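**Student:** make a model of this:
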Amino acid sequence: MKFRFNFLSALLTVLSFSIQYAKAQVRLPQLVSDSMVLQRDAKIKIWGWASPGEKIKIKFNGHKYGISTATNGQWSAELPPMKAGGPYAMDISAKNHIIIHDILIGDVWFCSGQSNMVLPMERVKEKYPDVIDSANYPQIRNFFIPTVSDVSKIYDDLPPGKWLAADPKNVLNFGAASYFFAKQIYHKYHVPIGLINSSVGGTPIQAWISEEGLKNISQYADRLTMLKDTAYLNDIKRKTAERKEPDSRPVKITDKGLTGPVKWYDTACVAQGWHKFWLPGYWADQGVRGLNGVVWFRKEINVPASMTGKPAKLFMGRIVDADYLYVNGVLSGSTSYQYPPRRYNLPAGLLKPGKNIIVIRIVNTAGKGGFVPDKPYYVTADGQNIDLRGDWQYKVGQVFPPKNDRDNFIPFSAQNEPTGLYKTMVAPVINYPIKGILWYQGEANTLRPNEYEQLLPALIADWRNKWHEGNIPFIYAQLPGFMEVDYSPTDSKWAQLREGQLKTLSVPNTAMAVTIDAGEWNDIHPLDKKDVGERMALGAEKIAYGDTGLVASGPIYQSAKIEGNKIVISFNSIGSGLIAKGGTELSQFAIAGEDGKYVWANAIIKDNKVIVWSDEITQPLYVRYAWADNPEGANLYNKEGLPASPFTTDTR
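**Tutor:** Below is the predicted model:
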């Protein structure tokens, strides 16, 4: 017994020592790691955690630095500014020893927003294959921050991540807009570029602002007060958890396509009772009213022998909402939600000479289900394509019951609440010096667009205050065109939000990339990220790199003057002059009198101004340009090829 007691005592001593030693280990933040890019010409801040009072030594670039950990276990060191260069190694020693390898000194850009900022190069690889193949830029590096959200506390570090250099493999995970931005900046200035991508799809701007930044915006300050009430917060979390069950309805699978004696994806299935369907399209537009549920689609295609015996790829555009794709009875791909493009790889041997059967099972719980128009639908192998558009067959497998009031409950999600992403994905970064900020967001705020005129300047002021680097250059993308085209002048929430973005140019040291021509009517995630990134780079070249003579933007509304039955519009950023792109008449100008009823207007360019009028309006007061969700045909540009921002002179 004495031996056993001594053994246990010794073991506890060893464990206690191990725990104390583990607590004493120097720990670095996720950003301070191998292959990081540090901001040139700025004090370099290195920080971390260790035991209180622990002595820490840092060796870097031939210099030695010594600091001690504070009583709270935190430590930080400021190193002198350095010019662009590298690679370097940093040696950090205390009770443990860390070496950070392959450090570059260059320009660091904090890239943030929602899905269009984080949309990866992988999603646009068919559009830019040569760009991906040639992505050999070891001095362009990206740190992607995984999503984490919380309204209850500020985090001191990020989730695990690492710096990756741009090569054909790694670049697939770079944000596409930020990569095109970095590529242009790198080619022009030849300094290492670090991208920190902190973006979350579908999130509103208020989630990215701190409590201090929202204190003067009453509706969000009030919401934060509510969220500080632990009982209230726990209650809405509980209600959210209770309502998860309807989200996964129906619990019992009654899909006839899966529960019958012969599955509908089976090649032995005889297509009896199936109806005609024209693909692409939505079933609500082809004779099926108000159906949420499971719908099956089927098509027989003839495949030539020359396309068989080798890998193939099947493109099914975009599908609303979830889909399961079967080729000759074999499950060949699936996607759980509507936004990703459907690009399914088929192994060699799956396609047979002659008749082949493609079956798609779609599950949709809200809105119009089906196949998004104007997307690619074909199968390809060995350079040969088979068009999959046209006649298909469909059959309903299951109808979901109508939603009840219980389903109208809006579940709690920290990433959609004020400060919910600032606390987790911004606050841990503010110790890291940066060159500037890229911002691409706004889609999630279009339901309440008038707030954006206040929220975007609030975010800019808040982040500049947190970084303590003065008026950090802030470059943002204006929303592109999206949704159906209106052929009459109309009000538009997307246009209202763009106007808030336009007005934010009054904030010093900001630049806006106009992207009205870079959208897709049927896709909130348009593929043209090259124009977006390169136009953001133009803004950075002007306000961050001092190229003041550069034409960095398309025409920006400056003023309006009424002259009889005409209104004369003046612009900034006209560059070498205004043009109507394509050499046609100017389009998308509308004019109104005192009653505010807009009609399409005539518009011409004269002396680098635009003169607008309509014979229907004898006493005009207001002009709008490209004022629509998707102002197709908006064609006012400067000769440098940059589009004019949408605008209104109506300030009522």
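**Student:** element containing Ala221?
**Tutor:** Ala221 is part of helix 218-227, with elements assigned from DSSP states H and E.
**Student:** distance of Ser33 relative to Lys215?
**Tutor:** Relative to Lys215, Ser33 is positioned 34 Å away (C-beta to C-beta, to the nearest Å). For every residue, glycine as well, the C-beta is placed using N, CA and C.
**Student:** same drill for these two, tell me which one is more crowded.
**Tutor:** Higher neighbour count among Ser33 and Lys215: Ser33, with 18 against 14, using other C-beta atoms under 10 Å.
**Student:** residue ranges in the stretch 401-550 of the chain under the pLDDT threshold?
**Tutor:** Within the stretch 401-550 of the chain, the ranges that satisfy pLDDT under 70 run 404-409.
**Student:** got any ranges where this structure has weak pLDDT?
**Tutor:** Low-confidence segments of the chain (pLDDT under 70): 1-24, 244-253, 404-409.
**Student:** next up, the contacts around the residue positioned nearest the centre of the chain.
**Tutor:** The C-alpha lying nearest the average C-alpha coordinate of the chain belongs to Ser115 (C-alpha atoms, centre = their mean; 2.1 Å). Neighbouring residues of Ser115 by C-beta atoms under 8 Å, 6 or more residues apart in numbering: 199-202, 339, 443, 524-525.
**Student:** about what we covered before: run the angle between whichever helix or strand comes after the helix holding Ala221 and helix 218-227 for me.
**Tutor:** For helix 218-227, the following helix or strand on the C-terminal side (DSSP H and E) is helix 230-242. Orientation of helix 230-242 against helix 218-227 (axes from the mean of the first three to the mean of the last three C-alpha atoms, to 10 degrees) gives an angle of 90 degrees.
**Student:** next, the buried residues of helix 230-242.
**Tutor:** Buried residues in helix 230-242, counted by 16 or more other C-beta atoms under 10 Å: 233, 236.
**Student:** rewinding a little: could I have the helix holding Ala221 exported to CSV, CA atoms only?
**Tutor:** Provided in CSV are the C-alpha atoms of helix 218-227 (Å, rounded to 0.1, in the frame of the first residue of the first chain):
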residue,chain,number,x,y,z
SER,A,218,-30.5,53.1,-32.1
GLN,A,219,-32.1,50.0,-33.5
TYR,A,220,-28.9,48.0,-33.2
ALA,A,221,-27.8,49.5,-29.9
ASP,A,222,-31.2,48.5,-28.5
ARG,A,223,-30.8,45.0,-30.0
LEU,A,224,-27.5,44.7,-28.3
THR,A,225,-29.0,45.6,-24.9
MET,A,226,-31.5,42.8,-25.4
LEU,A,227,-28.8,40.3,-26.2
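**Student:** got the buried residues for it?
**Tutor:** 220, 223-224, 227.
**Student:** quick one: contacts for the closest residue to Asn170 other than its chain neighbours?
**Tutor:** Excluding the flanking residues, the one nearest Asn170 by C-beta to C-beta, 6 or more residues apart in numbering is Leu164, at 4.3 Å. By C-beta under 8 Å, 6+ apart, the contact set of Leu164 is 35, 141-144, 170, 173-174.
**Student:** hmm, 10 Å instead?
**Tutor:** 35, 140-144, 170-171, 173-174, 195 (C-beta atoms under 10 Å, 6 or more residues apart in numbering).
**Student:** and those residues, which are buried?
**Tutor:** Buried residues within the contacts of Leu164, counting neighbours by 16+ other C-beta under 10 Å: 35, 140-144, 170-171, 174, 195.
**Student:** surely Lys606 touches Leu586?
**Tutor:** No. The criterion here is C-beta atoms under 10 Å, and Lys606 misses it with Leu586 at 11.2 Å.
**Student:** of the two, who's got more company?
**Tutor:** Just comparing Lys606 and Leu586: by other C-beta under 10 Å the higher neighbour count belongs to Leu586, 23 against 9.
**Student:** give the contact list for that one.
**Tutor:** Leu586 neighbours (C-beta under 10 Å, 6+ apart): 578-580, 601-605, 610-612, 625, 633-636, 644.
**Student:** what about 6 Å?
**Tutor:** 580, 603, 636 (C-beta atoms under 6 Å, 6 or more residues apart in numbering).
**Student:** what strand or helix carries the second one?
**Tutor:** Translated: Ala603. Short version, using DSSP H and E: Ala603 is in strand 602-606.
**Student:** can you name the element that comes right after that strand?
**Tutor:** Next helix or strand after strand 602-606 toward the C-terminus (DSSP H and E): strand 609-613.
**Student:** about what we covered before: which secondary structure elements does the strand holding Ala603 contact?
**Tutor:** Packing contacts for strand 602-606, counted by 3 or more C-beta pairs under 6 Å, 6 or more residues apart in numbering; DSSP states H and E, involve strand 609-613.
**Student:** ok, residues contacting the helix or strand following the strand it packs on?
**Tutor:** Sequence order places strand 622-625 as the next helix or strand after strand 609-613, per DSSP H and E. If you take C-beta under 6 Å, 6+ apart as the criterion, strand 622-625 is touched by 567, 588-592, 612, 646-650.
**Student:** closest to Gly470 among these?
**Tutor:** Taking C-beta to C-beta as the measure, Gly470 lies nearest Phe647 of the contacts of strand 622-625, at 29.5 Å.
**Student:** what's the closest non-adjacent residue to the closest one?
**Tutor:** Once chain neighbours are set aside, the closest to Phe647 by C-beta to C-beta, 6+ apart is Tyr557, at 3.8 Å.
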